[in-house]
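K.L.:
here is my input, please return the structure:
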Amino acid sequence: MADAVVKRLTVRKIAEIKDENAARAAIRHVVLENLAAEEQLEADARKLLMDHAKQIKDSAADYRQLLGKVKEKLARERGFVL
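P.N.:
Residues are numbered from 1 along each chain as shown. Just a heads-up that it's a prediction; the model follows:
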């Protein structure tokens with residue numbers, strides 16, 4: 001993925017990249033950080049729902065819809081774009 005991003009940036013002349021290896025490494029780092037943040041967001045949302053599992057079960061709410069809403073709320077609070 002990093003190779004494709006670097007290639008697009010240079011071919012489209014969006015960025016002038018002097019050290020492609022460093023650029024690839026930076027892109028990989030950002031992507032991995034983003035994936036880790038999204039995984040943490042998912043884990044936190046699931047934990048919140050598990051903390052209220054009895055209330056959810058009693059209300060007959062749809063778990064998947066609630067999970068999506070909780071993830072969206074947490075993402076907004078953390079400034080994270082899904």
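K.L.:
longest helix of the chain, counting residues only.
P.N.:
When every helix of the chain is counted residue by residue (DSSP state H), the longest turns out to be helix 20-51.
K.L.:
so how far is that one off the chain centroid?
P.N.:
Remark: helix 20-51 is offset 5 Å from the chain centroid, using CA atoms, centre = their mean, to the nearest Å.
K.L.:
per-residue confidence at Phe80?
P.N.:
Confidence per residue is given as pLDDT, and for Phe80 that number is 87.
K.L.:
close enough to count as contact, it and Glu39?
P.N.:
No. Judged on CB atoms under 8 Å, Phe80 makes no contact with Glu39 at a distance of 11.6 Å. The C-beta positions use only the backbone N, C-alpha and C, and glycine is treated the same way.
K.L.:
pick out whichever of those two has more residues nearby.
P.N.:
The neighbour comparison of Phe80 against Glu39 (other CB atoms under 10 Å) goes to Phe80, with 15 against 10.
K.L.:
and the more buried one, backbone torsions?
P.N.:
Phi and psi for Phe80, reported as degrees, to the nearest 10, are phi -100, psi 130.
K.L.:
measure it to Met1 for me?
P.N.:
Distance from Phe80 to Met1, counting by CB to CB, to the nearest Å: 19 Å.
K.L.:
for Arg8, same thing?
P.N.:
Taking CB to CB as the criterion, Arg8 is separated from Met1 by 11 Å.
K.L.:
what's the answer for Glu39, then?
P.N.:
Noted for Glu39: a distance of 17 Å to Met1, by CB to CB.
K.L.:
can you name the element that comes right after the helix or strand of the chain with the lowest mean pLDDT?
P.N.:
Ranking every helix and strand in the chain by mean pLDDT, DSSP states H and E puts helix 53-59 at the bottom, with a mean of 85. Using DSSP states H and E, the next helix or strand after helix 53-59 towards the C-terminus is helix 63-78.
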